[in-house]
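1. my questions are about this predicted structure, shown below with the sequence.
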Amino acid sequence: MNILLFGPPGAGKGTQSALLVERKRMKHISTGDLFRAAIKNQTRLGLEARKYMDKGQLVPDSITIGMVEEVFMTLNGQSFILDGFPRNVAQGEALENLLKGHDLTIDKALFLEVPIDQLMGRLTGRRVCTACGATYHVTASPPKKEGVCDKCGGSVIQRADDKEDVIRTRLMAYEESTKPLKDYYKSANKLVVINGLGATEEVYGQIEKQLL
Ligand code: AP5
């Protein structure tokens, strides 16, 4: 089964995807992670994407869609989770074409619902490992040793776009561009709303039920 995980910034998409990768051996396709890797490697795509990401704006569709297609070419039949793509209805339509072209389908679009007033605290407190990408939170789930990843010993830092002013712009981009995808996937009979407010394992339990 292939699924799409979408929702506002900080809803827990990356956290839940990491569990699905570990427990269900699904492939995680995160456009945010792909852009961050390109920035780290200082590729042309990374330098271009950074101009938008640092301000909290969406990277243009022309760049993003081509990047996703490259990943589709490497799938070899593995079930996947799309996280952070599509981000607007135009990307949703482009995804349909990409899927058809690669003889793939998305079975369910899981919307991770978390009230906007909960997101700022989750995002300003988030810390990530620069080596393996593990996600922490300064109060809810800190690493055992400050600044050091429990899983790989890498450096744990704050993401450049997890500053309050940038988060505000990301939340606006979500309201304007990404939220309309709820209706898009409802019309396609693929929408499933997941309550993202409980503990991580409770949220995972709801997602796991959808994979049966
Ligand atoms: P991206 O990396 O996709 O960021 P995002 O959508 O803003 O989502 P986040 O990664 O911030 O949050 P998340 O939902 O994964 O939450 P997490 O699990 O980490 O995109 C970044 C940028 O890239 C965009 O702004 C844009 O510029 C660009 N971009 C990416 N894709 C694009 C596209 N398709 N088109 C154009 N541009 C694109 O959790 C957050 C925190 O909450 C953590 O600290 C975690 O520990 C905590 N937490 C998680 N679950 C729970 C829980 N159940 N209870 C309490 N705390 C929890």
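-> That came through, no problem.
2. please enumerate the helices of the protein.
-> 13-24, 31-40, 44-53, 61-72, 89-101, 116-124, 164-173, 181-187, 200-210 (DSSP state H).
3. which neighbouring elements make contact with the second one?
-> In other words, helix 31-40. helix 44-53, helix 61-72, strand 80-83 (3 or more CB pairs under 8 Å, 6 or more residues apart in numbering; DSSP states H and E). The C-beta positions use only the backbone N, C-alpha and C, and glycine is treated the same way.
4. out of the ones you listed, deepest packed?
-> Of all the helices and strands packed on helix 31-40, strand 80-83 has the most neighbours on average by mean count of other CB atoms under 10 Å, namely a mean of 23.
5. how about the residues of the chain by the ligand?
-> 9-15, 31-32, 35, 52-53, 56-59, 64, 84-85, 87, 91, 122-123, 125-126, 135, 137, 140-141, 161, 170, 199-200, 203 (CB under 6 Å from any ligand atom).
6. give me the buried subset of those residues.
-> For these, a neighbour count by 16 or more other CB atoms under 10 Å gives the buried set as 9-15, 31-32, 35, 52-53, 56-59, 64, 84-85, 87, 91, 122-123, 125-126, 135, 137, 161, 170, 203.
7. as a markdown table, the helices and strands packed on helix 31-40 with mean pLDDT would be great.
-> Putting these into a markdown table (pLDDT from 0 to 100) gives the following:
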| stretch | mean pLDDT |
| --- | --- |
| helix 44-53 | 96 |
| helix 61-72 | 94 |
| strand 80-83 | 98 |
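8. now render these as a markdown table, adding distance to residue 211.
-> Below are these laid out as a markdown table (distance: least, CB to CB, whole Å):
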| stretch | distance to residue 211 |
| --- | --- |
| helix 44-53 | 30 |
| helix 61-72 | 21 |
| strand 80-83 | 10 |
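9. what's the closest non-adjacent residue to the closest residue to the ligand within the chain?
-> Per CB to the nearest ligand atom, residue 32 is where the chain lies closest to the ligand, at 1.9 Å. Residue nearest to residue 32 in three dimensions, not counting chain neighbours: residue 84, with 4.7 Å by CB to CB, 6 or more residues apart in numbering.
10. just checking, that neighbour touches residue 31?
-> Yes - assessed by CB atoms under 8 Å, residue 84 is found in contact with residue 31 at 4.5 Å.
11. any idea how many residues pack against residue 205?
-> Neighbourhood size, residue 205 [other CB atoms under 10 Å]: 12.
12. can you tell me how far it is from residue 211?
-> Taking CB to CB, to the nearest Å as the measure, residue 205 falls 11 Å from residue 211.
13. ok, residue 21 next?
-> From residue 21 to residue 211 the distance is 13 Å (CB to CB).
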